[in-house]
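In: Build the 3D model from these lines:
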Amino acid sequence: MSRQINFFADSEDAEQLRQWLLQAFPGLQAIAKERGPLEELREVQAQRIISTSSTVFLVPQWATERVSFVPLEDGMFRVDYFASPVIEYTASVLNEEKKSLSQGRFFWTYTGNVSPYEQGQVNSLFRWIYAHTIPVQTYRNFRVFEAACRNERILDFGYGVEQVSPHWK
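Out: Model (predicted):
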């Protein structure tokens, strides 16, 4: 079953999230991009790249031998996120000039089998996000972390939709 959560995180929120990820997922690896030559799709230590603004694929330690790739044209490949137990992660990025945050996202769409421990670890990520955020009233499937609220950031949903972050609880 796929799961997705969209969120807005200020710099200190993002650091708290990064620290939690590294603690909750010991040995966490990441793939820095979705497509490219196979040698560019190698897993690296997640702590090296999860603070970037691009989308990365988080690979729990128990999944490192189960990542698969789909061949494309010209010797290129892409991560097969339906057949690989990876978590797509896009960071929420601060635009200093506009004082706005782009939306971040975690997306789990693996269609294979996982053990109860593995599913529990993935579920813990979504529970942690819910426990450390509040919903945006007009778009309840979007969540906002505390510092983003306290700093009254503009939430940039994309497609020209923006609004001020809600007040923290």
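
In: contact partners of the helix or strand harbouring residue 134?
Out: Using DSSP states H and E, residue 134 sits within strand 133-136. With contacts defined as C-beta atoms under 8 Å, 6 or more residues apart in numbering, strand 133-136 is touched by 7-8, 141-146, 149, 155, 163, 165-166, 168-169. The way it works is simple: take the backbone N, C-alpha and C, and place the C-beta from them, glycine included.

In: distance between it and the chain's centre?
Out: 16 Å (C-alpha atoms, centre = their mean, to the nearest Å).

In: Need the CA coordinates for it. PDB is fine.
Out: What follows is strand 133-136, C-alpha atoms only, in PDB (Å, rounded to 0.1, in the frame of the first residue of the first chain):
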ATOM      1  CA  THR A 133       3.400  18.800  12.500                       C
ATOM      2  CA  ILE A 134       0.000  20.400  12.300                       C
ATOM      3  CA  PRO A 135      -2.300  20.400   9.300                       C
ATOM      4  CA  VAL A 136      -2.800  23.300   6.900                       C
END
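
In: And that strand, what's buried?
Out: 133-134, 136 (16 or more other C-beta atoms under 10 Å).

In: Out of the contacts of strand 133-136, grab the one that's most surrounded.
Out: residue 8 (28 neighbours; other C-beta atoms under 10 Å).
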